[in-house]
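> what would the 3D arrangement of this be:
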Amino acid sequence: MSFFNTLTKNKIYVIAEACDNHMGSFDIAIALADAAIDAGADAVKFQHHLAYEEMLEESPMSDNFEEPLFDFLQRNSLSLEQHYKLKEYCDSKKITYLCTPFSFKAAEEIQSLVPFFKIGSGEFQDHWFIDNLKSIGKPVLFSTGMCSWDELKSNVEYIKKTNLDFALMNCLSEYPPKYSDMNLNLIETMINEFPNIVIGHSDHSPEIYTTIVSAFLGARILEKHITISTFVPGPDQSVSIESNEFKKLVSAVQYIDKTSGSEKKIQDKEVDIRTWAYRSIVSRRDINAGEIISDDDIQTKRPGLGIPSSQYKNVLGKKVLNSIKENTLISWKDLDEE
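Okay, here's the model as predicted:
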């Protein structure tokens, strides 16, 4: 069984993505960890950026940043020492510390801190990066935004050949997304296409509902951005939720976990209810011994203590052995079963 199959065997695994909402403040990073703990998340995830290792200085920027990304990362990234301290703090609070490395050097630096790597969509098709991650030997959770279905399938085949232990996160890399672009049924498509790979969902909507839907559709790992306040500065505030909302998300996911079985059987608590709620065959009139049961002689009523109503056709045409009073449960001992 793969690492991620074991991780999600008994529950949906919920990751609170702190990203760079700490804005370079270690105290805020600790507060984000506390928010994740208060919300009941299984893990809190940060990001390890080494700007010179992951991008050229003149790289283009997206509209969720107010300055060049390179400059932002230079000013607001946590140091490796701070990541070690965060890991120690998370361990003391019994929450799993996770971190996304955005370069191979970053992965080498944090490898001892994390049980698995979470890799962003931008690196999903970076074969050089993937091949080097294989040399570290950690399980890898890949986000899959910004790629076509054909690219997704092709890259999954590439990763399989590396023998990495990996899982996939459905993802739309819009901040925040248009709801019509989210295509959440893709989760079920991925589950059917890759039956031996754990499928999760990384959500960038500004609320909890689409994440809840993704869990209902079968996502076994959920990642949602968290913030201490949507009113403080931060590059991902538009796609982040506060601890009180995150707590509602975790609660909803727990209900889904408890109710998502697929076995159809008579549950223990149904047995007693079944005895009065089911219907039995009842006499419509006094029926004398020797008479032959016809449709005019019977009807069905509660409780379900006599011959089940589903058997009424097997009662028709039977000879009555013992006289039956009107409005009485009929039993097989009253009938000649030959």
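> low-confidence stretches in this structure?
For the chain, the stretches flagged by pLDDT under 70 are 61-65.
> break it down into its domains, please.
3-259, 268-336 (automatic domain parsing).
> can I get those domains in TSV including mean neighbour count?
Yep, even glycine has a C-beta here, placed from its N, CA and C like the rest. Below are those laid out as TSV (neighbours: other CB atoms under 10 Å):
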stretch	mean neighbour count
domain 3-259	18
domain 268-336	14
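> all helices for the stretch 151-300 of the chain, in order.
Here the stretch 151-300 of the chain has its helices, by DSSP state H, counting those that start in this stretch, at 179-182, 186-193, 209-216, 243-259, 268-277.
> list of residues touching the shortest one?
Right, the one you point to is helix 179-182. 172, 174, 205, 210 (CB atoms under 8 Å, 6 or more residues apart in numbering).
> will you turn the residues you listed into TSV that also has distance to Lys269?
Formatted as TSV, the contacts of helix 179-182 follow (distance: CB to CB, whole Å):
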residue	distance to Lys269
Leu172	41
Glu174	45
Ser205	37
Thr210	33
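> got the contact list for the residue nearest to Leu321 when sequence neighbours are not counted?
For Leu321, ignoring the flanking residues on the chain, the nearest one in space by CB to CB, 6 or more residues apart in numbering is Asp336 at 5.4 Å. For Asp336, the contact set (CB under 8 Å, 6+ apart) comprises 318-321.
> inside helices: which ones of those?
Assigned to helices by DSSP state H, none of the contacts of Asp336 qualify.
> which single one of those residues is nearest to Arg284?
Arg284 lies nearest to Val320 out of the contacts of Asp336, by CB to CB, at 13.2 Å.
> His83 touches Phe46, doesn't it?
Yes - if you go by CB atoms under 8 Å, His83 and Phe46 touch, sitting 6.8 Å apart.
> which residues do these two both contact?
With CB under 8 Å, 6+ apart as the test, His83 and Phe46 both reach Cys99.
> what helix or strand is Ser135 on?
Using DSSP states H and E, Ser135 sits in helix 127-136.
> toward the C-terminus, what is the element adjacent to that helix?
Downstream of helix 127-136, the next assigned helix or strand under DSSP H and E is strand 140-143.
> adjacent strands (with direction) for that following strand?
Take DSSP bridges as the rule and strand 140-143 pairs in its sheet with strand 117-119 (parallel), strand 166-171 (parallel).
> send the alpha carbons of it over as PDB?
Extracted C-alpha coordinates of strand 140-143, given in PDB (Å, rounded to 0.1, in the frame of the first residue of the first chain):
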ATOM      1  CA  VAL A 140       5.300  13.400  -3.300                       C
ATOM      2  CA  LEU A 141       1.900  15.100  -3.500                       C
ATOM      3  CA  PHE A 142       1.500  16.900  -6.800                       C
ATOM      4  CA  SER A 143      -0.900  19.700  -7.700                       C
END
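> contacts for it next, please.
4, 116-121, 124, 130, 133, 159, 164-169, 171, 173, 200, 202, 221, 223.
> make it 7 Å
116-121, 124, 133, 164, 166-169, 171, 202, 221 (CB atoms under 7 Å, 6 or more residues apart in numbering).
> and if you look at stretch 162-171?
2-4, 121, 130-131, 134, 139-145, 159, 186-187, 190, 194, 197-202, 219, 221, 223.
> recalculate using a threshold of 6 Å.
Applying CB atoms under 6 Å, 6 or more residues apart in numbering, the contact partners of stretch 162-171 are 2-4, 121, 134, 139-145, 159, 186-187, 197-202.
> what do you get for stretch 68-80?
Against stretch 68-80 from outside (CB under 6 Å, 6+ apart): 20, 23-24, 49, 51, 55, 57, 61, 65, 109.
> also stretch 195-206?
4-5, 8, 143, 167-171, 175-177, 190-191, 210-211, 214, 219-224, 239.
> straight-line length of that stretch, end to end?
30 Å (CA to CA, to the nearest Å).
> same check, this time on stretch 209-223
Terminal-residue distance, stretch 209-223 (CA to CA): 13 Å.
> so that it lines up with my notes, have the first residue be 448 from now on.
Happy to do that; since the first residue is 448 now, the last one works out to stretch 656-670.
> tell me the gap between it and the middle of its chain.
4 Å (CA atoms, centre = their mean, to the nearest Å).
> wait, Tyr622 touches Val686, no?
Yes - using CB atoms under 6 Å, Tyr622 is in contact with Val686, at 5.1 Å.
> this structure: strands as residue ranges?
For the chain, the strands defined by DSSP state E cover 460-466, 490-495, 543-548, 564-566, 587-590, 613-618, 646-650, 668-673, 687-688, 727-730, 745-748, 766-767, 782-783.
> hmm, back to that, can you redo the strands paired with strand 587-590 as CSV with distance to Val461?
What follows is the strands paired with strand 587-590, written out as CSV (distance: least, CB to CB, whole Å):
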stretch, distance to Val461
strand 564-566, 13
strand 613-618, 13
